[in-house]
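Chemist: Model the structure of this input:
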Amino acid sequence: MEREPNERTAVLSRASVSRNGSTDTASSSPGMMSQSPRGSNSVQDMDRSGGFLSSVGGDHDMSTKGRYRHLGSPRMQSSGEMFDSLIVSDSFLAFPMDSDKVSQGSAVAIFSLYSNMLASGGLVLVPWALATAGVWPGIGLLLLTTLISLHSCRLVVKRMHDPGVGGAASDFSEICRCYLGKWGERLSNWSMCLNDFFVLAVHWILISNFAYYGIALATDPIESNNETLRDFDRVLLSPNDTSCLPIASDFFKNISTLPRAFDTIWTLDRTVPAFVALAIFPLLHLPKPTFFAKFNTLVLMSVLQVILFLVIMAAAMGTPANVSNAISDTGSGWRYPAMMGVMMYSMNAQQSVVLIMKNQRRPVRNLRDVNVAFSLTAFTYLIVGLLFVLFFPNSFDCTQPVFLDNFSVSNLAAFNVRVMLGVQMVAIFPLRAHIFRVRLLASVFGRPEPGAIARLIFNTVVTVVWLVLAQFAARPGDIARFTGALAGLSLQFVLPIACQVAYLKNNFALSYSYAAAQSLVLLIGFAMAVGQFFKL
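Modeler: You can find the predicted model right below:
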């Protein structure tokens, strides 16, 4: 392991004293000395260079300064425009802080990071990824991707308090700008925009899925079908699960007993995404949907409900039905990248970790809290994946991308889980869409909120794209694995490692062994990205 230089010692040893005896603080940090052409020596310099602002004006108190950031550009000068482009860091907290508090404890930081990773929708996709890769290889890949994501996140947290980024970075792209220059800032912003866009696309597909089966159960006259009620397996699992068709909408095409007219107006891959658009589109026009941050707690509640549901289903099935398959099935080598892509998608925390950890009451505990959050996340994914895969009585090839699709539309317990997950995703969708819009418009036009007309046009365009994806590319597992591999390649591999290497190089602490180890991690990332393009 490469030992980082002692920053305090470096600052003291390299502090220069001017002729009149005063200390030149602008050159007291090696990171600041070497990065002066790219980074900034103060928050004011960052403002003038188009970086991220960590305050909104002298009239605001410290709690406001510590809890807001600005995605701005040199053209934005007025306080009104600045306020319009502010994003509350509480948006990523599992338990929003009171207005009179300027920091939070470790418990809030841990569960906020935990809920942000689980809010991606990966919880319902991990069983499919685990079954696709094979149980034992899947467990190994889950642990490997967790360690890589944890390593990446720790590198980001280590650099967020460097003097070269003003002492307290407000965003991951600010760290990239300091150590890598404008190209690093642009790549990080575009990668986060790409990740946010497709995470929201996955959410759209999952909301449509939950709405389709929820309404199907509510209108299905199952009470009159005594044979179905007496046949527990048909209520527990899909009656058509042995067909193993690749598309979820085709998978359940023939199980419904709904009237023919209703079937034509309520279809999973055509009309339901359009109905979802009618519900969500008005919410996208809220100028500051910070109210929805209060629903972040629903993520934790939905996780508990998913685990409870799988425990109940496992108890209903009795002994594990797939233990022998789990021991013997090693999956297919070309399917391993799919597992890694889904896990990188489900473990992406680079864009939220800085906003969460910057308000930590004791920053010295940041690394420990990150370790705990990733451990909890990996344990949750592992429990959910194993409970389903080991007790699911059919072949692993029959596993659908959304694991709830493997249960009958008449399963009341699955219905409750769908309702909870659907409500949670609808509640956080406007807020995440707002963050995506602000970041993308700031990156492209340098103006996060260009006006009501431009906002309407932007929301209309992205809504149409999400709708088309939900109608014609309704496999959320594939979207998640490509997003995790491609956006994750830059966010979790290239950029954090490049920033760390630049930091060590500037401090004359970079060794060949450390560079070789990081090159191996990068090679894994590139192999994972290329592997997504091979047929499963």
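Chemist: what bits of this protein have low per-residue confidence?
Modeler: Scanning the chain for pLDDT under 70 picks out the ranges 1-103, 166-168, 220-262, 287, 290, 318-334, 393-394, 447-450, 474, 535-536.
Chemist: which helices and strands sit right next to the top helix by length along the chain?
Modeler: Under DSSP state H, the helix in the chain containing the largest number of residues is helix 182-219. If you count contacts as 3 or more CB pairs under 8 Å, 6 or more residues apart in numbering; DSSP states H and E, helix 182-219 packs onto helix 172-180, helix 271-280, helix 350-357, helix 412-445, helix 452-472, helix 476-488, helix 495-506. (C-beta placed from N, C-alpha, C; glycine too.)
Chemist: Any buried residues in the last one, and which?
Modeler: Neighbour counts over helix 495-506 (16 or more other CB atoms under 10 Å) mark Leu495, Pro496, Ile497, Ala498, Cys499, Gln500, Val501, Ala502, Tyr503, Leu504, Asn506 as buried.
Chemist: tell me the contacts of the closest residue to Arg418 other than its chain neighbours?
Modeler: Using CB to CB, 6 or more residues apart in numbering and skipping the chain neighbours, the partner closest in space to Arg418 is Phe210 (4.1 Å). Phe210 makes contact with Leu404, Arg418, Val419, Leu421, Gly422, Met425, according to CB atoms under 8 Å, 6 or more residues apart in numbering.
Chemist: related to what we said a few turns ago, now, among the buried residues of helix 495-506, which is nearest to Ala485?
Modeler: The closest of these to Ala485 turns out to be Leu495 (CB to CB; 15.1 Å).
Chemist: Relative to Leu155, how far out is the closest one?
Modeler: Counting by CB to CB, to the nearest Å, the gap between Leu495 and Leu155 amounts to 9 Å.
Chemist: cool, Phe458 as well?
Modeler: Distance of Phe458 to Leu155, computed by CB to CB: 33 Å.
Chemist: Could you check which of those two has the larger neighbour count?
Modeler: For Phe458 and Leu155, the more surrounded residue by other CB atoms under 10 Å is Leu155, and the numbers stand at 22 against 15.
Chemist: List the contacts of that one.
Modeler: Contacts of Leu155 by CB under 8 Å, 6+ apart are Pro496, Ile497, Cys499, Gln500.
Chemist: how about those, which pair is most distant?
Modeler: Ile497 and Cys499 (7.4 Å).
Chemist: Number of residues surrounding Trp163?
Modeler: For residue 163 the amino acid is Pro, not Trp. 22.
Chemist: Ser152 is in contact with His497, correct?
Modeler: Just so we're on the same page, residue 497 is Ile rather than His. Yes. Ile497 is within contact range of Ser152, at 7.5 Å (criterion: CB atoms under 8 Å).
Chemist: and the gap between Gly121 and Gly451?
Modeler: 32 Å.
Chemist: no no, Asn459
Modeler: Counting by CB to CB - Asn459 and Gly451 are separated by 12 Å.
Chemist: Identify each of the strands in the chain and give its residue range.
Modeler: For the chain, the strands defined by DSSP state E cover 16-17, 23-24, 68-70, 86-88.
Chemist: picking up where we left off before, between the longest helix of the chain and helix 172-180, how many degrees?
Modeler: 160 degrees (axes from the mean of the first three to the mean of the last three CA atoms, to 10 degrees).
Chemist: Most tightly packed of the helices and strands packed on helix 182-219?
Modeler: Per-stretch averages of neighbours, counted by mean count of other CB atoms under 10 Å, single out helix 172-180 among the helices and strands packed on helix 182-219, with a mean of 28.
Chemist: Output that one in PDB with nothing but the alpha carbons.
Modeler: What follows is helix 172-180, C-alpha atoms only, in PDB (Å, rounded to 0.1, in the frame of the first residue of the first chain):
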ATOM      1  CA  PHE A 172     -16.900  15.500  -7.000                       C
ATOM      2  CA  SER A 173     -16.300  17.500 -10.200                       C
ATOM      3  CA  GLU A 174     -14.600  20.200  -8.100                       C
ATOM      4  CA  ILE A 175     -12.000  17.700  -7.000                       C
ATOM      5  CA  CYS A 176     -11.500  16.600 -10.600                       C
ATOM      6  CA  ARG A 177     -11.100  20.200 -11.700                       C
ATOM      7  CA  CYS A 178      -8.500  20.800  -9.100                       C
ATOM      8  CA  TYR A 179      -6.300  17.800  -9.900                       C
ATOM      9  CA  LEU A 180      -7.100  17.100 -13.600                       C
END
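Chemist: Thank you kindly, that will do.
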